[in-house]
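**Q** Sequence and predicted structure are below.
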Amino acid sequence: MYFDSHIHTDGLGFSELKKLNDAGVTKVCSPSFYPVRPNYPQTMIDVFRKLTEFEVDRCKLAGIEMYPAVGIHPRCIPPNFELVLEYLESRDWIAFGEIGLEDLTETEMDVLERQLRIAMEKDIPCVIHTPRKNKRDATKATLRILEKINFPEDLAVIDHTNFDNLDLVIKSGYWIGLTVQPGKLSVNEVVRIVRENGVERFMLNSDAGYKDMQFTSVPDAARELEKAIGIEGRKIYYENASKFFRV
């Protein structure tokens, strides 16, 4: 059994969800994302509703337990985003995500901090995005915000971590998301990271769904981890994510 800690199930067809389950993936976290910048705050609210009211059941039909994460991705900040923040604050959620920084604008940093404060108040785990470009600078800025508000280590996973920012995230004490996709991390790179740093605080994901389409990359990496480090690999491809999301 495998746990994909970050996959956009709403970007996959039902036949792909079935293939994902056939490959051994039984649990996933599906963070909210909208493929174009929304013109209205209500668009993001409906994205959250779709994930929590429809997508969970669609995944269940494919044999997958899906845990939705809601939040404003830095590329999805709508006008009047305060309405979305009010909606997030008014309800209970399994997780926030994916939230984070992309271009390091003041608006992005404001939206991230305000979501983190809500999460901290409501004790909600957060999936935090780091971009492909400027990853190290974005990670430093993210960690500064987390430090500023004394955000608990157990409530954040810094996702899409690679060799550009790995040292920063390990030093921070937060959970570490390893994304297995072309242009992010290869299976061999994941094995190298784990061999050099151990199995604690790491979790695997594919980030598949919209453009990244190797949706069975978690099982692929898990098998290689088992060859390399044995049963301890289960922590990275299942147990750590279960602990983080409390499921």
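**A** Nice, I can see it. Numbers count the residues shown, from 1 in each chain.
**Q** Which helix or strand contains Ile193?
**A** helix 187-197 (DSSP states H and E).
**Q** name the helices or strands packed onto that helix?
**A** helix 166-172, strand 202-205, helix 217-229 (3 or more CB pairs under 8 Å, 6 or more residues apart in numbering; DSSP states H and E). The C-beta positions use only the backbone N, C-alpha and C, and glycine is treated the same way.
**Q** Quick check: phi and psi on Glu65?
**A** Backbone torsions for Glu65, taken as degrees, to the nearest 10, come to phi -80, psi 120.
**Q** so what's it closest to, chain neighbours aside?
**A** Lys27 (4.7 Å; CB to CB, 6 or more residues apart in numbering).
**Q** Which of the three states applies to that neighbour?
**A** On the three-state scheme (DSSP: H, G, I helix; E, B strand; the rest coil), Lys27 is labelled strand.
**Q** Lys243 too?
**A** helix.
**Q** Please report how far it lies from Met120.
**A** 19 Å (CB to CB, to the nearest Å).
**Q** Make sure the residue nearest to Glu65 is actually in contact with Gly63.
**A** No - with contact defined as CB atoms under 8 Å, Lys27 does not reach Gly63; the gap is 10.6 Å.
**Q** out of those two, which sits in the busier spot?
**A** Lys27 (19 against 13; other CB atoms under 10 Å).
**Q** residue contacts, that one?
**A** Shown in contact with Lys27 (CB atoms under 8 Å, 6 or more residues apart in numbering): 1-4, 64-67, 238, 241-242, 247.
**Q** Then Arg49?
**A** Arg49 is in contact with no residue at all, counting by CB under 8 Å, 6+ apart.
**Q** any idea which element it lies in?
**A** Applying DSSP H and E as the criterion places Arg49 in helix 41-50.
**Q** Quick check: mean pLDDT of that helix?
**A** In this model, helix 41-50 has an average pLDDT of 98.
**Q** What mean pLDDT does the helix or strand following that helix get?
**A** Of the helices and strands lying after helix 41-50 in sequence (DSSP H and E), the nearest is helix 56-61. Across helix 56-61, the average pLDDT comes to 98.
**Q** Provide the secondary structure category for Arg91.
**A** Here Arg91 is coil, with the state taken from three-state DSSP.
**Q** And it, how far from Leu12?
**A** In this view, Arg91 and Leu12 are 26 Å apart by CB to CB.
**Q** Neighbour count: the two, which is higher?
**A** Leu12 (22 against 10).
**Q** Look up phi and psi at that one.
**A** The phi/psi pair for Leu12 (degrees, to the nearest 10) is phi -110, psi 150.
**Q** Tell me who's in contact with the closest residue to it other than its chain neighbours.
**A** Leaving aside its chain neighbours, Leu12 sits nearest to Gly209 (5.5 Å; criterion: CB to CB, 6+ apart). Applying CB under 8 Å, 6+ apart to Gly209 gives the contacts 7-12, 30, 33, 215.
**Q** try Asn39
**A** Shown in contact with Asn39 (CB under 8 Å, 6+ apart): 78-79.
**Q** pLDDT and secondary structure for the contacts of Lys27 - can I get that in CSV?
**A** Below are these laid out as CSV (pLDDT from 0 to 100; DSSP: H, G, I helix; E, B strand; the rest coil):
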residue, pLDDT, secondary structure
Met1, 93, coil
Tyr2, 97, strand
Phe3, 98, strand
Asp4, 98, strand
Ile64, 98, coil
Glu65, 98, strand
Met66, 98, strand
Tyr67, 98, strand
Tyr238, 97, helix
Ala241, 98, helix
Ser242, 98, helix
Val247, 95, coil
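**Q** Columns neighbour count and distance to Thr142 on top of the residues you listed, output as JSON lines?
**A** Converted to JSON lines, those look like this (neighbours: other CB atoms under 10 Å; distance: CB to CB, whole Å):
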{"residue": "Met1", "neighbour count": "12", "distance to Thr142": "31"}
{"residue": "Tyr2", "neighbour count": "24", "distance to Thr142": "27"}
{"residue": "Phe3", "neighbour count": "27", "distance to Thr142": "24"}
{"residue": "Asp4", "neighbour count": "32", "distance to Thr142": "22"}
{"residue": "Ile64", "neighbour count": "21", "distance to Thr142": "29"}
{"residue": "Glu65", "neighbour count": "14", "distance to Thr142": "29"}
{"residue": "Met66", "neighbour count": "23", "distance to Thr142": "26"}
{"residue": "Tyr67", "neighbour count": "23", "distance to Thr142": "22"}
{"residue": "Tyr238", "neighbour count": "23", "distance to Thr142": "26"}
{"residue": "Ala241", "neighbour count": "28", "distance to Thr142": "20"}
{"residue": "Ser242", "neighbour count": "16", "distance to Thr142": "24"}
{"residue": "Val247", "neighbour count": "13", "distance to Thr142": "25"}
